[in-house]
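Colleague: Quick one, what's the 3D model for this:
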Amino acid sequence: MNALKRLSGFIWIILGLVAIYLMFKQAGAEIAEARAGIRPLLDTQMFWYVIIPIFTPIMLGLCLFGWFAWKGEYDVIARDSEHLT
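Modeller: From the prediction side, this is the model:
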């Protein structure tokens, strides 16, 4: 089971980084379309200027969670207060 936790940690890291990359790629594509006149410029820019600062830390937290799982921090889970130390 610990090997599965570590493998899933690696998958979480990759998933978080891919999500950040795709978010920035999509933002760049939509803002470029807006500057070309296909979309409303102000609406598109405001949307991405709000979405990027909100979701980037969430995805970095996902990567951090994966890092801890990959390093084995979740191998032993405390069942009661005696096992917390």
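Colleague: Spatially central residue for the protein, please.
Modeller: Nearest residue to the geometric centre of the chain (C-alpha atoms, centre = their mean): residue 59, 1.6 Å.
Colleague: what's the spacing between the longest helix along the chain and its chain's center?
Modeller: Secondary structure of the chain per DSSP state H: the longest helix is helix 2-36. Relative to its chain's centre, helix 2-36 lies at 7 Å (C-alpha atoms, centre = their mean, to the nearest Å).
Colleague: ok, and for that helix, which residues are buried?
Modeller: Across helix 2-36, burial judged by 16 or more other C-beta atoms under 10 Å covers 5-6, 8-9, 12-13, 16, 19-20, 23, 27, 30-31, 34. C-beta coordinates here come from the backbone N, C-alpha and C atoms, glycine included.
Colleague: who does that helix touch, helix- and strand-wise?
Modeller: Where contact means 3 or more C-beta pairs under 8 Å, 6 or more residues apart in numbering; DSSP states H and E, helix 2-36 is packed against helix 41-71.
Colleague: Show me what counts as buried in the helix it packs on.
Modeller: For helix 41-71, a neighbour-count test (16+ other C-beta under 10 Å) marks 44-45, 47-48, 59, 62-63, 65-66, 69-70 as buried.
Colleague: Closest one of the residues you listed to residue 79?
Modeller: Proximity to residue 79 was ranked across the buried residues of helix 41-71 by C-beta to C-beta; first place goes to residue 69, at 18.8 Å.
Colleague: shouldn't that closest one be in contact with residue 11?
Modeller: No - counting by C-beta atoms under 8 Å, residue 69 stays clear of residue 11, with 9.2 Å between them.
Colleague: Low-confidence regions, this structure specifically.
Modeller: Flagging of the chain using pLDDT under 70 yields the residue ranges 83-85.
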